[in-house]
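Asks: I'll drop the sequence and a predicted model, then ask my questions.
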Amino acid sequence: NEVKNAPAPFEFNVRGTGDPGARTFAIGDEDHTIGNSLRHVLMQNSNVDFAGYSVPHPSEPVVHVRIQTARKIGVAGTEGERMHAIDALKDSCQTLRTQCQHVLDKLEEVLPQVKEDRIQIQEQLEREMEEERREAERMDAMMGVDDEEED
């Protein structure tokens with residue numbers, strides 16, 4: 001029996017001000033899976049000095065990812081520009097997505113039923129999204145009728 005947690009109050013939140021090369025990102029409705037995966041990919045980036053993650057509390061569906069980028073040495077040994085932490089996060093998300101797609105492609109080559117399952121799930125999700133869109137339009141139309149009646 002798995003306990004269902006309430007959804008996070010946000011999808012994505014940037015924590016901290018000051019130097020844009022050091023930030024903590026709070027990602028809602030995620031856990032150790034994405035936190036550790038992003039941390040691993042971030043640490044492969046030569047522009048990143050530090051990457052870590054934490055899940056503040058097991059009952060809260062939020063993961064914090066901390067990124068500090070490397071300071072570049074400029075002309076005559078002066079401190080140069082450093083990569084913004086948000087850019088390092090974007091790059092890592094894209095790398096992780098590419099890696100996941102590669103694994104899925106290889107898996108579908110070996111096990112064709114995985115591809116069939118994925119297609120069925122995608123089609124079901126598309127149907128559900130279409131039903132939700134129609135329901136929202138129906139509710140909007142009803143609200144429009146109610147507004148006119150009040151005038």
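Replies: All right, it came through fine. Keep in mind that this is a model prediction, so the values were computed, not measured. Numbers count the residues shown, from 1 in each chain.
Asks: and the residue nearest the centre of the chain, what is it in contact with?
Replies: Nearest to the geometric centre of the chain sits I27, at 6.6 Å (Cα atoms, centre = their mean). Residues in contact with I27 (Cβ atoms under 8 Å, 6 or more residues apart in numbering) are 11-12, 34-35, 62-65. Bear in mind the C-beta positions are built from the backbone N, C-alpha and C, glycine included.
Asks: Out of these, which sit inside strands?
Replies: Judged by DSSP state E, the subset of the contacts of I27 located in strands is 12, 62-65.
Asks: Just the buried residues out of these, in PyMOL syntax.
Replies: Applying 16 or more other Cβ atoms under 10 Å to the ones in strands among the contacts of I27, the buried members can be selected in PyMOL as follows:
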select buried, resi 62+63+64+65
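Asks: Can you tell me which of the ones in strands among the contacts of I27 lies closest to M139?
Replies: Nearest to M139 among the ones in strands among the contacts of I27 is F12, at 27.3 Å by Cβ to Cβ.
Asks: Dig out what that closest one forms beta bridges with.
Replies: Note on F12: beta-bridge partners by DSSP bridges are I27.
Asks: now the helix or strand in which G144 is found: mean pLDDT?
Replies: Assessed by DSSP states H and E, G144 sits inside helix 112-150. Helix 112-150 shows a mean pLDDT of 84 in the predicted model.
Asks: What helices and strands are in contact with that helix?
Replies: Other elements packing on helix 112-150 under the criterion 3 or more Cβ pairs under 8 Å, 6 or more residues apart in numbering; DSSP states H and E are helix 85-110.
Asks: Distance from the helix it packs on to the middle of the chain?
Replies: 12 Å (Cα atoms, centre = their mean, to the nearest Å).
Asks: what's the angle between it and helix 112-150?
Replies: Inter-element angle recorded for helix 85-110 and helix 112-150: 130 degrees (by axes from the mean of the first three to the mean of the last three Cα atoms, to 10 degrees).
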